[in-house]
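J.: Sequence and predicted structure are below.
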Amino acid sequence: MKNAPKISQPREKWRMDYVNICCCILAFVLYLNTLKAGFVYDDRRAILNNPDVTGATQPWYQLLFNDFWGTPLVDSGSHGSYRPMCVLSYKLNHIVGGLKPFGYHLINVLLHCLSTGLVVKLARYILPNGISIIISGLLFASHPIHTEAVAGIVGRADLIACNFYILTILSYIKHVQWRKKCYLRHWMALCGAILSASAAVLCKETAVSALVICIIYDILKGFNIIFKDKHQLRSIGIVAVVTLTIMHLRLSLPGPTKQFSIADNPTARVNSLMTRFYTFLYLPVFNFIMLLYPQTLSFDWGMDAIPRITSFFDSRNFISIAFYAGLCVVIMKCVVRLRKKPSISMSSHKNRKIVRMKRKHQVINKNNNDNKNSEILIDNKNDSNNNNNINNNNNEYNNEYKNNNNNENLMDNNNNNNNENLMDNNNNNNNCENNITWPLSKHNQLLSTETGCSACKNNNSNYHQMSANQTNYNDYNYSMIIPSYDTSHVMNGLEQSEINKYNLNQSISLSPLKKYIRNNNNLVYLMNKDDNNNNNNEFINDNNNNNLYVIDNNNYTSPKSSTLMSKSSKLSALYMTIKAYPINRQKLIDGVKNLSCRISKAAIHNLNNFTNEETNSKLSSSAAILISLTILILPFIPATNVFFYVGFVVAERILYLPSVGYCLLVGLGLGKLINSQKKLEHNVRMRYKSDKRSNAKSIAIVLCIIVMLSAFSFKTMIRNRDWYDEKSLYRSAVNVNPPKALGNLGSIFCSLGRYLEAEKVLKAALKHRPNMADVHYNLGILYQNQLKYENAVQSFQKAIHFRPTLALAYLNLGTSLIALGRCNEAALVLRDGTKLDSSGLRDKTEHENARISSLIQLGGLYTEQGKLQRALAVYREALHTLPSSYPPQEIYHRLGDVFLRLNKWPEAERFHQAALEAEPNHIGAHISYGTILARNSSRSLDAEQYFKRAIRLAPLDSSIHHHYAEFLASIGRHEEACKSRVKAAELSPNNYNLVMAAATSLRWRDRKEDALKWYRQAVNLRPKDALVHSNLGAIFHILGHTELAIQSYKTALNLQPNDATTLNNLKKLKVIEFS
C-alpha cells in the first residue's frame, strides 16, 4: 500500500517570521535618532547621581537593598520603587561604556525591538489571522506613546518588564499546549513562566499581573475546550499561589513613608470627595485617549496640566460614563458568547488515555514492516461489513475512541475566522489555510473504494479520498463534508454557478471516526430510516417540505430560512467539527447509506500535524478581545489611584506595557474589518462578476491603515527629537504644563550663561504658578551669578517661604548676605540651614550635602572674622555629622588651615595629610601642606614638590602660581618668584592683588617698562585708588615721563589730599604749586 499523502504544513508561520523581522526593523529605524541623545530629566538622578550605578567603591550587591534611585529602602526618604534588575543593567552599561549616553540609548532601542518581536509572537497565538498580526506588530513598533519609555533611559524599567511580561504569557501558553498532550516538558514551561514573571516584578512592580493574565488565559481556553480536569485546576492553583507569594514578598519590603508633593498629584490633596472621584474616574479615559490619538505628549502632566473635575455636569464626566459603559458591554457580550457555546465535556483521564494509545499506535506502525496499513471505516451501520480491512492494531486504536464516544470534547469557539470555524455564515472566507474543510459533492449511488468516484469516474483504489461539492435543489438542500486530501477532480464535476447559486454554508460535517452526533449538544445521529422512529426527539420533521431540522439551543427557524446554525469547532486531536442545519431527511439517509470513505491511520497522523500547535492555541474572537482587554487594563490598575495615591497624574512610560493589549485590540478589529470587506467583495463578484465600488472600499480601508501607521511613525521620529536634550524636552511641554516646563527651561538657560533669557522664562513661570519654590531658587541663583545680591536675597527668601526645608536656599542666602556685608544675618541663616531635618525628603543626599556646606560656609565666615575657635567648633561639628556621600577632604583642609593660623603645626600637618589621603588630587591641601613644610628650611625641597604637583593638577589656576611665587620668594629665588607672579597676573588680569603683586615684583627686578603695563592695568581696575595712581606716577617719574608723572600725582592727591609721599615726589619734580 502506498504511503498516505502528506498534508502540507501551513505557511503562515513562516510569513509571520518575516512579519516579525519587518516589525523589529521598523522599531529600530524609528528610534535611530535617539542614539545621539544625552541624559535628560530623570536620567540624571537615576544614573548620574545614583551611587548604585556610578559608585566605584560601593559593592554591586548594595543595589539589592536600595530603591531605583539609589536610596536605601529603609530610609525615610526612599521612593519605594524596587527595581534591582533595571539598576543592574545601568551598572553593566557603566562598566562597559562609562557615562557615555550612546550605550544606554542603544540598549533601550534593542529592548524595544525585542518587545516588538514578542508582541508579534503573542499576536500569533491570540489573533485569528495574519492581517491582524501585522497591524498589531507595526502599531506597537511605531506608536508615539512609547517615545518616553524608549528615548528616556529611565524608561528601561518598563521595557525590560514588558519583555519578561510577554515571555511569561508565551511560556504559559506552551505549558497549556504541552499539558494537553501529556508532555512532561509542560512543567518546564510552567517554571519558565514563573521565573519570567519574577524577573518582570524585579523590573516593575505592576508586572505581577502577568501571572493573573495566565490564569485568565487558561480559563478562557476552558470556555473553548471545557476540560474540567484536575490538571488544569492544578496549573491554575500553582500560578495563583506563586502570584500571592510574589505579592507578599514585594509588599513585605519597606515601602515609601514620605508623601509626594502637591504639584505631583494635586487631586489627591483635594478635600472634596466628589472632585477626587470624578477626576480619578476620568484619568484612565484620558490615558486611553492618548493611546487612540497621541497628538499631545509631555514629559510631565502634573500641576494643573489636566484640570480637576469639580461638577457632575462637566462634559468629561459623560465621556467617562460612555467609556466605562462601553467597556462593560463589550466584556459582558464576550462572556455571554463564550458561555452560550455548545460543548461536550470529556474527562481528562479518558482524553489522556487516547493520547497514550495514539503514541502506542505510532510506535507499532513504525516497527511494522507491512505497508498495508489498516483503515478506519466511516460508514452507516448497514455498511459495517466494510470493517474487515481493519487489523488488530487499528481495532485497539479505534476501540479506544469507541469507549469514549459519550465523552468527546466538542467546543464551539465562536471564532468567526478562517482558522476556527468551518464554512460559517458570519465568515464566508475561502482563503483559509489552517482549516480542515472539504468541499461537497452530489453522490446518488454507492461510492466505495472499489468503484471510485461517480462524479469524476476516478478510481483511486483504497486511497481514493472522496471530495464533495454541495448540491442544492429547489425544494431542499443538504450537504455533507467528507475528509479528503485532493478535491479538485470532484470540483470539476460541477459548474461553478451551481456551486455558488445557494448559500453553501449550511452543512453537516461528519467526524471521520464517528457515525453519530448527539442531540442534547446540538448533535445529530446519522441513522437508518427505521432508527429515526426511535429517536424522534433528535429531529423536527416538516412534512410539507420533507425537510429535517435540528434544534439549536431551542432556536427555531422556518424551512425557508437558511440562517439556522449551530456553529461548532474542531474536536480535539483526531476529531472533526460538526454542523447541523435544515436538510432533506430522505436524501440524508440515502446519502449516508451510499457514501463511504476510508482514511488511513497515516492520514489521521498527518491530520494532527496539519492542525499545528499555534492554530490550536488561538482563541476565539470573544476570548481574544477579553485577553487583550486584560493586558490593557491589569498593568494599569496601580496607576488609577484606586488602591493608593500615586505621585503623578499621567505618565506616558507606564502605558508601554498596557499598549500591548491596545495594539492587539486594534489589530483584531482592523483585521476583522478587512476580512469582512473581502468576504463582501467575494460574494459580490460571485453574483455580479465585478463591482468596482466594493473593491474601492477595501482599498480605502487598507490606505487608511497605512496612513495611520505612517502618521504614527512620523510622530514618533519627531517626538524623539524632543528627547534629544533637556532644552528641547522642556520647550515641547510649554503648552501642556507651562509652569513646570518654563521653570526647568529657565534653569537650563541659567546653566548655559544665557541670563537674560533665563530671567524672562523664570518670571513667566512664576506668573503661571507663583508658589514654586524651585523657580524662586533658580531665579536667586541667576541674580547671584549676575552679582545682583539684593535681588538674590529676595528670591532665596521667597523660596524658603514656600519650602522651608530647601537647604540649598539657606546656603545661597547666607552666601549673598556675606557678599553684602551682612555677616551677622548670614551667620543666623546658615545656622538655621544646618538644623533642617531631612526626614521624608525626596532627595535626602542633596539635602545633607547642602547642610554640611552651610556648616563649612559658616566656619569660613568665622575664620575671616578671626573667630578661629568658633570656626574650629563648626568644622568639627561638620566632621562628626558628615554623611557618607559628602567628601571629607574639604573639612580636613579647612581644619588644617585653622590650626595653621593658630600656629598648631602638628595638628595642621595631620589634617592636611588626611585631606591628601582622602583626595590625592586636592589642590588646596597640596598648597597648604607645602606652606607648612616650607616653614622648615630642611624640608623646602619636599614643599616645592607639593607646589609643583598642585601646578600640574591645575596649571591655569592663578592662585597656585601666586602661592608658589611666595614660596620661591621666601627661599630667596626672586627671579623665579617674579615669573610666577607675572604668570598669575596673566591668568587673572582682573585680579587687583595679583596685578599689583606682578607690577611691584617687576619694579624691584628693575623691569620698569613691564611694571608700567601692570600699573596701568591696576589703575583700570581701581581708578579711584590713590595708591595706584601714586605708584603709576612714580614709574613715569623714573622713566622720565614728567608730564605723565605730574598728572598721576595730582590725581592721587585729589583722591587722597595731603599724602606725604605724593607731595614729596611732586617737590622733586619742582612743581611750583606744591612747593
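T.: Perfect, I can see it now.

J.: tell me the domain boundaries of the chain?
T.: For the chain, the domain assignment from automatic domain parsing gives the residue ranges 367-407+435-611, 1023-1075.

J.: State the next helix or strand along the chain beyond the helix or strand hosting Asp43.
T.: Using DSSP states H and E, Asp43 maps to helix 42-43. The helix or strand immediately downstream of helix 42-43 is helix 51-54, counting by DSSP H and E.

J.: How about the contacts made by Leu657?
T.: 158, 161-162, 165, 204, 206-207, 631, 635 (C-beta atoms under 8 Å, 6 or more residues apart in numbering). For the C-beta atoms, the positions are set from N, CA and C on the backbone; glycine is no exception.

J.: Please tell me how far it sits from Val201.
T.: From Leu657 across to Val201, the span is 12 Å (C-beta to C-beta, to the nearest Å).

J.: Quick check: neighbours shared by the two?
T.: Common contacts of Leu657 and Val201 (C-beta under 8 Å, 6+ apart): Ala207.

J.: List the backbone torsions phi and psi for Pro72.
T.: For Pro72, the backbone dihedrals (degrees, to the nearest 10) come out as phi -60, psi 140.

J.: thinking again about what came up before, rank the domains of the chain by pLDDT, which is bottom?
T.: The minimum mean pLDDT among the domains of the chain belongs to domain 367-407+435-611 (a mean of 37).

J.: Give me the contacts around the helix holding Asp43.
T.: Contact with helix 42-43 is made by 101, 104, 152-154, as judged by C-beta under 8 Å, 6+ apart.

J.: does Ala157 really touch Cys203, like I thought?
T.: Yes. With contact defined as C-beta atoms under 8 Å, Ala157 reaches Cys203; the gap is 5.2 Å.

J.: overlap in contacts of those two?
T.: With C-beta under 8 Å, 6+ apart, Ala157 and Cys203 have common neighbours 83, 86.

J.: for the chain, what spans make up the strands?
T.: 343-344, 375-378, 410-411, 471-472, 477-478, 480-481, 508-509, 540-542, 547-549, 583-584, 597-600 (DSSP state E).

J.: Spatially nearest residue to Gly70 (excluding sequence neighbours)?
T.: Among residues not flanking Gly70 along the chain, Asn50 sits closest, at 4.0 Å (C-beta to C-beta, 6 or more residues apart in numbering).

J.: Give me the local confidence score for that neighbour.
T.: 84.

J.: Okay, now the unreliable bits of the stretch 201-350 of the chain?
T.: 223-229, 255-261, 263-264, 341-350 (pLDDT under 70).

J.: Could you tell me the average pLDDT over stretch 878-888, please?
T.: Here the average pLDDT along stretch 878-888 is 85.

J.: Report the buried residues of that stretch.
T.: Buried residues in stretch 878-888, counted by 16 or more other C-beta atoms under 10 Å: 878-879, 882, 886, 888.

J.: Okay, and which of these map to helices?
T.: 878-879 (DSSP state H).

J.: could the buried residues of stretch 878-888 go into TSV alongside distance to Gly70?
T.: Shown next, in TSV, are the buried residues of stretch 878-888 (distance: C-beta to C-beta, whole Å):
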residue	distance to Gly70
Ala878	23
Leu879	24
Leu882	19
Tyr886	15
Pro888	20
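
J.: Which of the buried residues of stretch 878-888 sits closest to Asn1054?
T.: Ala878 (48.7 Å; C-beta to C-beta).

J.: give me every residue that touches Pro738.
T.: So, once contact is read as C-beta under 8 Å, 6+ apart, Pro738 ends up touching 764-765, 768.

J.: change it to 7 Å
T.: Applying C-beta atoms under 7 Å, 6 or more residues apart in numbering, we find Pro738 in contact with His768.

J.: mind checking pLDDT for it?
T.: So, for Pro738, pLDDT stands at 90.

J.: Repeat that for the one 10 residues further on.
T.: We have a pLDDT of 91 for Ile748.

J.: In contact with it, which residues are there?
T.: Going by C-beta under 7 Å, 6+ apart, the list of residues near Ile748 reads 726-727, 730.

J.: Now Ala758: closest residue in space that isn't a chain neighbour?
T.: According to C-beta to C-beta, 6+ apart, the nearest residue to Ala758 is Phe749 (3.6 Å).

J.: and that neighbour, how many neighbours?
T.: 21 (other C-beta atoms under 10 Å).

J.: For Glu757, give its distance to Val736.
T.: According to C-beta to C-beta, Glu757 and Val736 sit 21 Å apart.

J.: Tell me who's in contact with the residue nearest to Pro72 when sequence neighbours are not counted.
T.: In space, Pro72 comes closest to Asn66 once its chain neighbours are excluded; the distance is 5.5 Å by C-beta to C-beta, 6+ apart. Asn66 sits next to 52, 72-73 when contact means C-beta under 7 Å, 6+ apart.

J.: ok, now with 8 Å
T.: 52, 72-73, 87.

J.: Verify the contact between Asn812 and Val793 for me.
T.: No. Asn812 is not in contact with Val793 according to C-beta under 8 Å; the separation is 9.4 Å.

J.: which of these two has more neighbours?
T.: The residue with more neighbours, out of Asn812 and Val793, is Asn812; 26 against 23, by other C-beta under 10 Å.

J.: Leaving out the residues flanking it, which one is nearest to that one?
T.: Nearest non-adjacent residue to Asn812 (C-beta to C-beta, 6+ apart): Phe796, at 5.6 Å.

J.: again with Ile971
T.: Ser940 (5.6 Å).

J.: List the contacts of that neighbour.
T.: So Ser940 contacts 933-934, 971 (C-beta under 8 Å, 6+ apart).

J.: hang on, Leu170 packs against Tyr125?
T.: Yes. Leu170 lies in contact with Tyr125 (C-beta under 8 Å); the separation is 7.3 Å.

J.: which of the two has more neighbours?
T.: Tyr125 (22 against 19).

J.: Touching, the more buried one and Lys174? I think so.
T.: No. When contacts are counted by C-beta under 8 Å, Tyr125 is not listed as touching Lys174 (9.3 Å).

J.: Test my guess that Ser78 contacts Leu253.
T.: No. At 9.9 Å, Ser78 and Leu253 do not qualify as touching, with contact defined as C-beta under 8 Å.

J.: Please identify which of these two sits among more neighbours.
T.: Counted by other C-beta under 10 Å, Ser78 and Leu253 do not tie: Ser78 has more neighbours, with 24 against 14.

J.: Now render the contacts of Ser940 as CSV, adding neighbour count and pLDDT.
T.: Output for those, formatted as CSV (neighbours: other C-beta atoms under 10 Å; pLDDT from 0 to 100):
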residue, neighbour count, pLDDT
Leu933, 22, 84
Ala934, 21, 82
Ile971, 15, 85
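
J.: Need those residues in a markdown table (columns: distance to Asn271).
T.: As requested, the contacts of Ser940 are exported to a markdown table (distance: C-beta to C-beta, whole Å):
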| residue | distance to Asn271 |
| --- | --- |
| Leu933 | 68 |
| Ala934 | 69 |
| Ile971 | 75 |
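
J.: how near is Arg910 to Thr267?
T.: 58 Å.

J.: what about those two, which has more around it?
T.: Per other C-beta under 10 Å, whichever of Arg910 and Thr267 has more neighbours is Thr267, with 20 against 15.

J.: Buried among the contacts of Asn66? Need that as a selection in ChimeraX.
T.: Selecting only the buried entries of the contacts of Asn66 in ChimeraX, with 16+ other C-beta under 10 Å as the criterion:
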select :52,73,87
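
J.: Which one of the contacts of Asn66 is nearest to Val995?
T.: Asp52 (48.5 Å).

J.: can I assume that closest one is in contact with Tyr61?
T.: No. Asp52 is beyond contact range of Tyr61, at 9.9 Å (criterion: C-beta under 8 Å).
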